[in-house]
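S.K.: Sequence plus predicted model, see below.
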Amino acid sequence: MDKERTVVITGAAQGIGYAIAQEFIANGDFVAIFDVNEEAAIAAADQLENAKGYHVNVADEQSVKSAIDSVITERGSVDVVVNNAGLQYISKVEDFPVEKWDLLNDVILKGTFLMTKHSLPSMKAQKYGRIINIVSAHGRIPDAYKSAYCAAKAGQTGFTKVVALENATEGITCNTIEPGPVRTELIEKQIPVLAEKDGTTEQEALDHHILGKQWIKRLLEPSEIGKTAVFLASEGAGAITGESIPVTGGM
């Protein structure tokens with residue numbers, strides 16, 4: 001595109017989302033940071049050169065629609081959407097609280113649907129768009145105590161393929177990135193909980209649950225996910241759609 005692209009990233013106030021924002025800005029794009037924590041979204045945008053923070057609850061349709069409408073009013077279009085917002089809850093299936101199951105699926109799966117639904121009209125109008133869903137290796141590889149997360153991530157993958165198919169002739173691509181274990185606060189918080197569930201040390205829990213299935217045996221850096229997202233949004237990736245790109249270190 002000739003104009004400066006507008007990239008919307010959900011859950012971008014920290015972690016992988018923030019790293020993705022950094023990489024898109026380094027690529028010359030403008031980034032709209034969508035996050036349920038308004039203060040954190042604004043603070044994150046202030047740390048970046050070409051960004052703005054928005055308070056958005058991706059599980060609420062009116063919140064999503066209002067925010068996307070605001071971005072389109074201010075910027076003219078939405079060119080790239082990265083659905084990154086997510087959370088984790090760890091429990092055996094028989095003990096899994098229904099409200100936590102609903103929360104994870106609302107944020108991860110419904111949020112991806114709502115963001116896509118309300119971004120597509122702008123993309124179709126200009127015959128250009130890139131939708132990138134940050135899924136997980138756990139969308140295809142199960143892990144104990146993460147039933148809601150694995151289910152929601154697998155759902156994102158199926159949804160991605162339908163969006164790619166429906167919009168294949170509209171200049172719009174839709175793909176997923178499947179990160180492996182990334183060095184984030186989300187991972188760091190899981191380790192003591194997993195150790196307690198298993199009755200093991202934290203190192204044993206890290207090796208078994210986080211690094212045990214991975215070939216290169218290291219946590220990935222958030223920037224490695226960000227660089228992959230920038231590639232999928234590039235002109236060079238225009239023929240890649242409906243695909244899942246693992247960035248796992250081998251899993």
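M.R.: Cool, the structure landed.
S.K.: hey, which helix or strand in this protein has the poorest pLDDT?
M.R.: Every helix and strand in the chain was compared by mean pLDDT, DSSP states H and E; the lowest is helix 185-198, with a mean of 84.
S.K.: ok, then the element right after that helix?
M.R.: Per DSSP states H and E, the first helix or strand lying C-terminal to helix 185-198 is helix 202-205.
S.K.: Next, the buried residues of that next one.
M.R.: Across helix 202-205, burial judged by 16 or more other C-beta atoms under 10 Å covers A205. Using the backbone N, CA and C atoms, a C-beta is placed for each residue, glycine as well.
S.K.: Remind me what it packs against, helices and strands.
M.R.: Here helix 202-205 touches helix 185-198, going by 3 or more C-beta pairs under 8 Å, 6 or more residues apart in numbering; DSSP states H and E.
S.K.: what helices or strands is the helix it packs on leaning on?
M.R.: On a contact count with 3+ C-beta pairs under 8 Å, 6+ apart, helix 185-198 meets helix 202-205.
S.K.: what about the longest helix in this structure?
M.R.: Scanning the chain for the helix with the most residues, using DSSP state H, yields helix 147-166.
S.K.: per-residue pLDDT, D2?
M.R.: Model confidence at D2, given as pLDDT, is 66.
S.K.: mind listing what G15 touches?
M.R.: 182, 184-186, 222 (C-beta atoms under 8 Å, 6 or more residues apart in numbering).
S.K.: before we move on, the earlier item: pull the distance from the least confident helix or strand of the chain to the chain's centre.
M.R.: 21 Å (C-alpha atoms, centre = their mean, to the nearest Å).
S.K.: Check stretch 96-103 too.
M.R.: Relative to the chain's own centre, stretch 96-103 is displaced by 20 Å; criterion: C-alpha atoms, centre = their mean.
S.K.: before we move on, back to that, buried ones in the longest helix of the chain?
M.R.: By 16+ other C-beta under 10 Å, the buried positions in helix 147-166 come out as 147-157, 159-161, 163-164.
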